[in-house]
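S.K.: Sequence and predicted structure below; questions after.
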Amino acid sequence: MATWLGLEAEDTGWTLTDSGGMRRILKNMDHASGCYPSLPFFIGQATKVQALRSLYPYNNIRRYAKRNLARVYLSGRTGSYPVVLMEASLSGRGPKVRSPPPPRQVEAVHQYRIHNSHDMSYGDIENLVYLRCLVPVCDVLCLFAADLGGIAHVQEILRSWSSSPLLSLDGSRRNRPRLLIVLTDPQDKLKEADDMERTLTNTVVPNLAASVTTVDLRNRNQLSPVSRYEPLQQQLTLELDEARAARSKARLLFSAPHLDWILRRLFRRVAQRPTSPFNCIIACRERRDSWGIADNTTQYLTAFLDITNQAGLPVISVVDFIASAFLMDAYPPGMHEFDPVIMFRSLYADHCVAACLPSQASPLARSSSFAEEVEGVFVTMFSTISSTMGSAEVRRELLERETTTWATVKSNHVCLFCLRRPPEHVLPCGHSMCDICVRIFGQRGRGAEYHAKVTSCPACLQNFSLTVRLLPPTKRPTVLVLDGGGIRGVVTLGFLKALEDEIGGSRGLHEAFDLTLGTSAGALIASEVIVRGTRTDEASTKFKNLSRQIFPARPRRQTLLGQSWDLLTTLVTDSRYNTRALDCALQETFGSSRRLFDTTAPMVAGIRVALTASHVEDGLLSLFANYRAVRRPGMQSAYKLLVSNEREPLLWEVARCSVAALGYFTPKSLPGLGTLQDGGVRANCPLRTALRESEIIWPASQGPDLVVSIGTGYAVDGPAEGAAGQPRFPRDSFIERGIRTFLTSPAVDGQRGWQDALDSIPKNIRKNVFRLDCGIAGKLPELDDTLEIDKLGEFEYRIPAELSRAWLAKSFFFELDTEPVMLHGSYDCQGSILCCKFDAAGLIEQVKLAFPDAHFTLAEGHTFGSVEGDSGCTTCGYYRKRISFQVSSIHESVQLGIYGTTGFSSLGGFPTTVQDLLEAQQADFPFGRADHRSDQWPPLRQCYCTRRKRSRESARDESMPKKRRL
């Protein structure tokens, strides 16, 4: 016997407990993914036990324990398919108080607290679990009338269970279990038995059961147990075969891993939303790639239809294109082959209808059958999926066949390869892809983990080589924030040069951070150092030359009359300086054709950059970005992302908007985006905005791993920024007070903006937030005071050792290699420390310098030896350090990091829990991943060497343990 489900009573309600009996049976089947078991469900008491002993003599079936709600066995009988029998009592009586749990291995039991159950009886919960969890998955429901109070009581039970239709696991009403009523009590009258089958058929078909059959054993009490229950054995075999055929026809015959997942989700659903229907098609996609993000397919499909309408593409090509994209999304490797009609109508039909409504000018909008047309092609394409051609290959084949149609169709609003997410990366051919499609159509990059290599465009077939960096799922992002400050950007560049010397290595700072956000001068520097990949020495020279070019020397007015004249001319011309000269200088610096949302080949793509500006009309803070972010639609924020419907702005135009400081340069008007000016009037230190963007781009991350905010100098004493050289007004007049308040507000004063943002950062993240800035004696140089540039460059810029150590440590991350196993009351966790940066060997040398006697360790003191990888490859630079540790709970916080004589720094993604690691790695996703990767769990560990065979140590151990009958 395998114990399985139980109920525990608490003061606040009931808790359903799952001891894992079903999961152990299903997981231990030979070639579990290819096993499709049948599940009979037996309900009764003493007669049921006697019958099961006769039907399954090789199983150790005993009387039920009082605390057991349901038990499960793997049939010992040989047959053409495995049979997993579930049995329960439906006693209506249970414990009134909760028994103390076993002292050890308590976490092997999963607990589901049933909401709002404090007023429910044991019998109520019993019926709820049976009807909502076990009956939907069973093939044959077998009731022993004598154990349930006789025929009349059986009719009453079934009548209450049939009060509402039982939905199939795909949300339809096409599949029901077959009902068997076993009669063994001679006192049941013959007339009642004859009438019962007919009566129950009218009652439970089709709401609860597909059919009703009575097995009459009342006159066989004198026979041996085996002979007595032989008719039941024969009928049960027949019913299981017919139920199996019906499930197969309805495409609802599930594999063992899928059944295990479905049952656990049913338990969770009945605990959280007891009356809510369960649809496996919807449930298996939750958190697959969206982590709670709303489905915005309608928005993206609408944008796509507008594009095809403008291009005048034929309807049949558009329908095929949409159907193949949805097919790829619906059926990743590992997905159960649900009926394609049900799949389409569950996921995409409503979006097709809704997307046509805004597109009134499109021929598709006039076609009332558009959704039906897409569905028809979707169903036809489904039939082409096979073991050798997956849905992604079907999609790729259509794109290749229709390349003349789609080669010139491009969009900056929707990923044209999936139609379900915004684009994130622009390919050298001009098409753009989301992160998920990069993993589907790309291949594993060489030199660093979570780098994908795209070698051709699926739409236009152009060949190239583009490496795209992706954030490892168990890691958190690193963020760089650059303040505005005019010519004082020299201070920013001074710290960046020092940072490059510390951590940049041979690749500079281009790939050092996952997200960079800059304002005004910080936007110029980010464009040069991060977007263009320029080394800081060269960037500093270019910045100084640009500053002197756009801020030519002009006399400083010392008298009130002279200052008033300057103010008057500025008001008349709306600027102090020649805006045309600024435009020319920026075009010369950044080129006349480069865009921010553009390809970065041959450099690594995937490094996010955002630059601030503000709208002239309402002062709204706005961002230009080289990404879109999947969580953006529907999100509320105090700023907006600028995406043009006409054309993507050029990089020099973006920089021009961001540096259009009030009174210094005129605003810049961009087609489709409006008139924009310096972002420094709203967020001179855009730290708060950067943290919000990090949440939007990577919604699954719980805050950043590391934040570096760099200022442009602050006054140690003297008036606030911008006070010098301004016209004097009567002291403490409302004009002077207004100007002083504006200039010292957190929005404009970078130092105060930093302090304001820091106050909002949670304490657990604050220790990984660093501010680099320097005090300047006296008055701060004005934004245009080019005479101070050389002086500012002479300052001594140093990087705190803690920052260098933190950045180095967070270049490494940890992943589990297998599912944790409970041993002796603790979970044994085995995994690997990996590197997400290029030149891992060089980083290790830096680590050994920054952390003398460096070794990986848990914060509690357990050490894993030297940081040098023991399972890597010196030929290709692959880094891997295998470790194992124990935790008493998978929800226990774990802090893994690097320790040396200089201190401890946590790895990327830590602290975290084992449960969070499992979720991030999508360990419990038997229905497939959005990125179609089947080598991610359990992860296939191998180096980057081409034509290198997997070693036994790095490959997955596919050998199965010897099975034991449960």
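M.R.: In hand now; what should we look at? Residues are numbered from 1 along each chain as shown.

S.K.: what residues are up against residue 35?
M.R.: 26, 29, 81, 82, 255, 256 (Cβ atoms under 8 Å, 6 or more residues apart in numbering). In short, each C-beta sits where N, CA and C put it, glycine included.

S.K.: and the gap between the fifth one and residue 174?
M.R.: Here the distance between residue 255 and residue 174 works out to 19 Å (Cβ to Cβ, to the nearest Å).

S.K.: what residue of this protein is the furthest out?
M.R.: Ranked by distance from the centre of the chain (Cα atoms, centre = their mean), the top residue is residue 222, with 62.9 Å.

S.K.: List phi and psi for that one.
M.R.: Residue 222 adopts backbone torsions of phi -90, psi -10, taken as degrees, to the nearest 10.

S.K.: just checking, what packs against the lengthiest helix in the chain?
M.R.: When the chain is scanned for its longest helix (criterion: DSSP state H), the result is helix 230-249. For helix 230-249, the elements it packs on are helix 46-55, strand 140-144, strand 178-183, strand 211-216, judged by 3 or more Cβ pairs under 8 Å, 6 or more residues apart in numbering; DSSP states H and E.

S.K.: Which SSE is immediately downstream of the longest one?
M.R.: Later in the chain than helix 46-55, the nearest helix or strand by DSSP states H and E is strand 68-74.

S.K.: just the last one next, same as before
M.R.: Once the chain leaves strand 211-216, the next helix or strand it forms, by DSSP H and E, is helix 225-228.

S.K.: Check the second one too.
M.R.: Next in sequence after strand 140-144, counting helices and strands by DSSP H and E, comes helix 151-161.

S.K.: and that next one with strand 211-216, angle?
M.R.: 160 degrees (axes from the mean of the first three to the mean of the last three Cα atoms, to 10 degrees).

S.K.: Mean neighbour count, the helices and strands packed on helix 230-249: which tops it?
M.R.: strand 140-144 (a mean of 26; mean count of other Cβ atoms under 10 Å).

S.K.: And it, how far out from the chain middle?
M.R.: 42 Å (Cα atoms, centre = their mean, to the nearest Å).

S.K.: could you check the angle helix 46-55 makes with that strand?
M.R.: Going by the same axes, to 10 degrees, strand 140-144 makes 130 degrees with helix 46-55.

S.K.: Who does strand 140-144 pair with, and is each partner parallel or antiparallel?
M.R.: strand 40-43 (parallel), strand 178-183 (parallel) (DSSP bridges).

S.K.: Let me know the average pLDDT across that strand.
M.R.: Averaged over strand 140-144, pLDDT sits at 97.

S.K.: who's in contact with residue 254?
M.R.: Here residue 254 is in contact with 36, 169, 262, 336 (Cβ under 8 Å, 6+ apart).

S.K.: neighbouring contacts of stretch 317-331?
M.R.: Contacts of stretch 317-331 (Cβ under 8 Å, 6+ apart): 301, 304-305, 308, 337, 340, 343-344, 347-348, 352, 364, 370, 373-375, 377-378, 381-382, 385, 390-392, 394-395, 398-399, 402, 405-406, 417-420, 440, 928, 930, 932.

S.K.: Give me the mean pLDDT for it.
M.R.: 96.

S.K.: list the buried ones in that stretch?
M.R.: 318-331 (16 or more other Cβ atoms under 10 Å).

S.K.: Could you check how many residues crowd around residue 672?
M.R.: Number of residues near residue 672 (other Cβ atoms under 10 Å) recorded here: 11.

S.K.: So it: helix, strand or coil?
M.R.: Judged by DSSP: H, G, I helix; E, B strand; the rest coil, the three-state class of residue 672 is coil.

S.K.: can you tell me how far it sits from residue 666?
M.R.: 19 Å.

S.K.: Could you do residue 852 as well?
M.R.: Counting by Cβ to Cβ - residue 852 and residue 666 are separated by 56 Å.

S.K.: Of those two, which one has the most company?
M.R.: Per other Cβ under 10 Å, whichever of residue 852 and residue 666 has more neighbours is residue 666, with 19 against 9.

S.K.: and that one, which of the three is it?
M.R.: Applying three-state DSSP: residue 666 is coil.

S.K.: and it, backbone torsions?
M.R.: According to degrees, to the nearest 10, residue 666 has phi -70, psi 150.

S.K.: separation between it and residue 522?
M.R.: In terms of Cβ to Cβ, residue 666 sits 21 Å off from residue 522.

S.K.: Likewise for residue 490?
M.R.: Between residue 490 and residue 522 the computed distance is 12 Å (Cβ to Cβ).

S.K.: More neighbours: which of these two?
M.R.: Between residue 490 and residue 522, counting by other Cβ under 10 Å, residue 522 is the more crowded of the two (32 against 26).

S.K.: before we move on, which element is that one in?
M.R.: helix 521-526.

S.K.: Show the subsequent helix or strand relative to that helix.
M.R.: Next along from helix 521-526, by DSSP H and E: helix 536-550.

S.K.: what helices or strands is that following helix leaning on?
M.R.: helix 489-499, helix 521-526, helix 579-590, helix 789-793.

S.K.: Next, count neighbours for residue 834.
M.R.: 26.

S.K.: With residue 426 instead?
M.R.: 24.

S.K.: quick one, phi/psi of it?
M.R.: phi -90, psi 130.

S.K.: Repeat that for the one 10 residues further on.
M.R.: Its backbone dihedrals place residue 436 at phi -60, psi -50, with angles given as degrees, to the nearest 10.

S.K.: Assess the claim that it and residue 930 are in contact.
M.R.: Yes. Applying Cβ atoms under 8 Å, one finds residue 436 in contact with residue 930, separated by 5.1 Å.

S.K.: Out of the helices and strands packed on helix 536-550, which is closest to residue 827?
M.R.: Between residue 827 and the helices and strands packed on helix 536-550, the tightest spacing by Cβ to Cβ is seen for helix 489-499, at 39.4 Å.

S.K.: And that closest one, what does it pack against?
M.R.: Helix 489-499 packs on helix 521-526, helix 536-550, strand 706-710, helix 789-793, going by 3+ Cβ pairs under 8 Å, 6+ apart.

S.K.: following it, which helix or strand shows up next?
M.R.: strand 515-518.

S.K.: Averaged pLDDT, that next one. What do you get?
M.R.: pLDDT averaged over strand 515-518 gives 98.

S.K.: same deal with stretch 8-16?
M.R.: 88.

S.K.: in that stretch, what's buried?
M.R.: Those would be 8, 9, 13, 14, 15, 16, for stretch 8-16 by 16+ other Cβ under 10 Å.

S.K.: which residues sit in contact with the third one?
M.R.: Contact analysis of residue 13 by Cβ under 8 Å, 6+ apart lists 113, 114, 115, 116, 117, 118, 120.

S.K.: And it, its phi and psi?
M.R.: Taking degrees, to the nearest 10 as the convention, residue 13 sits at phi 140, psi -150.
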